[in-house]
Every structure is written in structure tokens, then in C-alpha cells.
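**Student:** I would like the atomic coordinates for the input below:
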Amino acid sequence: MDLFNNSSDYNLLPYDGTVNYYGIVLNKSKASLFYESLLNTIAWENDVSIIFGKRIETKRKVAWYADKPFEYTYSNNTKQALAWTPELLKLKELVEQKTGEQFNSCLLNLYYDGSEGMAWHSDGEKDLKKDGAIASLSFGAERKFAFKHKELKTTIALVLESGSLLVMKDKTQTNWLHRLPPTKKVHRPRINLTFRTIVEKQG
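**Tutor:** So this is what the prediction gives:
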């Protein structure tokens, strides 16, 4: 199976969801400029999870930006969105052009090296548009990214390059888990932007 086909019509998942890998959408020079800008201008904070009432602070850093000061709750932790930076608006426009989707928010992750990753999970929080697209833009170190079917345990993996775009949509979050496995081979930081759609609460 060719996991590196750049066609937006090509689905990496064999069933029960849709994942399109667009490959590199920003060349090396542009990706490097955005990487440096994001590293130095984003309001990074250590991520926090509340597990069995205990506050756990991760090495990974995060930031949350959106059209409005939306609240977003995951891992029993609620964040309030900051206003877009000029760089994030440029990237949002690029992603929307490439995908034909519309997004109103972005969760950013900063992994300083390969020892930092993300365990198996799905992005099914109630604040998110159900079955909505999530567009993942990567900068910096190349990292392996994997999917696992929740029932059948089928796994699919690929390497996300700097300047590349991946989109998860349809029933992907319902039926599949995804993760960023840790590795001892990577010694540089990676920045990941996940553009999302928050459902606005009525009233």
C-alpha cells in the first residue's frame, strides 16, 4: 500500500473512516520560516491533565487559538482560546484552500524531542463538530504517526514530514485511535497544528 500518495482522494484507512495525506504543502524554506516563527511567537504552556483528581503536567507544550475565546475541554482540562496570530491566519487560509474545509480553531503541540509523544486516543470531545475534519500541519522533526482500529486492531502508520498536511474526517474519530509514538532517534523539536471546528454553544 502506498501511504505517500499525495492525492487528496486517496484514503489511508481501509475502512470506517477517511484520512487524506496531502504530503508537503509548504516547501523547505517556507516550512523553516513558519517553524521558527511559531516556536518564538506562540504562547506555549505545559499541557495539563487531571487524572483521578491529580494535576499532571506534561513536558509537551500546547497552545489554543480560535475565532472567538472558545472553551475546549480534553483530559478533564479546560482551555480558553487566544486570538489568532498573523502567522496562524496565513496557515489556516492555506489549509482551508487545500482541503475545502472551514475551521474556527487550532490546537498546537510542541514536542521538544522524540521522547515526547502522544498515547493512543481519538479526538471525540463534545466541543468538536461531530465527524468534522481535523487538519494536521507539521513543522520541524519528521515523526511517525499511527492509526489503530478500535475493534479490529488494524494498524496503519506513516511519517509526517515538515511542511506536510494530513486530514482526518468522517467516522475516523469514532472508529480509529491515533498516536505519536515516542522514539529515541529524534533529537529535534516538532510543532504540530491541528485545525478544528468548535461547535458554538447556543445562548
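**Student:** ranges for the strands of the chain?
**Tutor:** Chain-ordered strands for the chain, with DSSP state E as the definition, fall at 18-24, 45-51, 54-66, 71-74, 77-80, 82-83, 105-111, 118-121, 134-140, 143-149, 155-160, 164-169, 176-180, 190-196.
**Student:** residue contacts, V62?
**Tutor:** By CB atoms under 8 Å, 6 or more residues apart in numbering, the contact set of V62 is 44-47, 79, 107-110. No exception for glycine: its C-beta is placed from N, CA and C like everyone else's.
**Student:** dig out what the nearest residue to W84 once chain neighbours are set aside forms beta bridges with.
**Tutor:** Distances taken as CB to CB, 6 or more residues apart in numbering place Y65 nearest to W84, at 5.4 Å, with adjacent residues excluded. For Y65, the residues forming beta bridges with it (DSSP bridges) are L82, C106.
**Student:** next up, the contacts around Y65.
**Tutor:** With contacts defined as CB under 8 Å, 6+ apart, the neighbours of Y65 are 81-85, 88, 105-106, 108.
**Student:** just T73 next, same as before
**Tutor:** Residues in contact with T73 (CB under 8 Å, 6+ apart) are 79, 125-127.
**Student:** just the buried ones from the residues you listed, in PyMOL syntax?
**Tutor:** Under the burial definition 16 or more other CB atoms under 10 Å, those of the contacts of T73 that qualify are selected in PyMOL by:
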select buried, resi 79+127
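**Student:** ranking helices and strands of this protein by mean pLDDT, which lands last?
**Tutor:** When the helices and strands of the chain are scored by mean pLDDT, DSSP states H and E, strand 45-51 comes last with a mean of 76.
**Student:** point out where this protein drops to low pLDDT.
**Tutor:** For the chain, the stretches with pLDDT under 70 are 1-9, 49-51, 75, 202-203.
**Student:** can you rerun that using 50?
**Tutor:** Using pLDDT under 50 as the threshold, the predicted model of the chain has low-confidence ranges 1-5.
**Student:** now the residue nearest to W84: how far from K92?
**Tutor:** Relative to K92, Y65 is positioned 9 Å away (CB to CB, to the nearest Å).
**Student:** list residues touching both of the two?
**Tutor:** Common contacts of Y65 and K92 (CB under 8 Å, 6+ apart): 84, 106.
**Student:** for the closest residue to D67 other than its chain neighbours, grab the count of nearby residues.
**Tutor:** The shortest distance from D67 to any non-neighbouring residue, by CB to CB, 6+ apart, is to N104 (4.4 Å). Using other CB atoms under 10 Å, the number of residues around N104 comes to 17.
**Student:** same question for L82.
**Tutor:** The burial metric for L82, expressed as a neighbour count using other CB under 10 Å, is 14.
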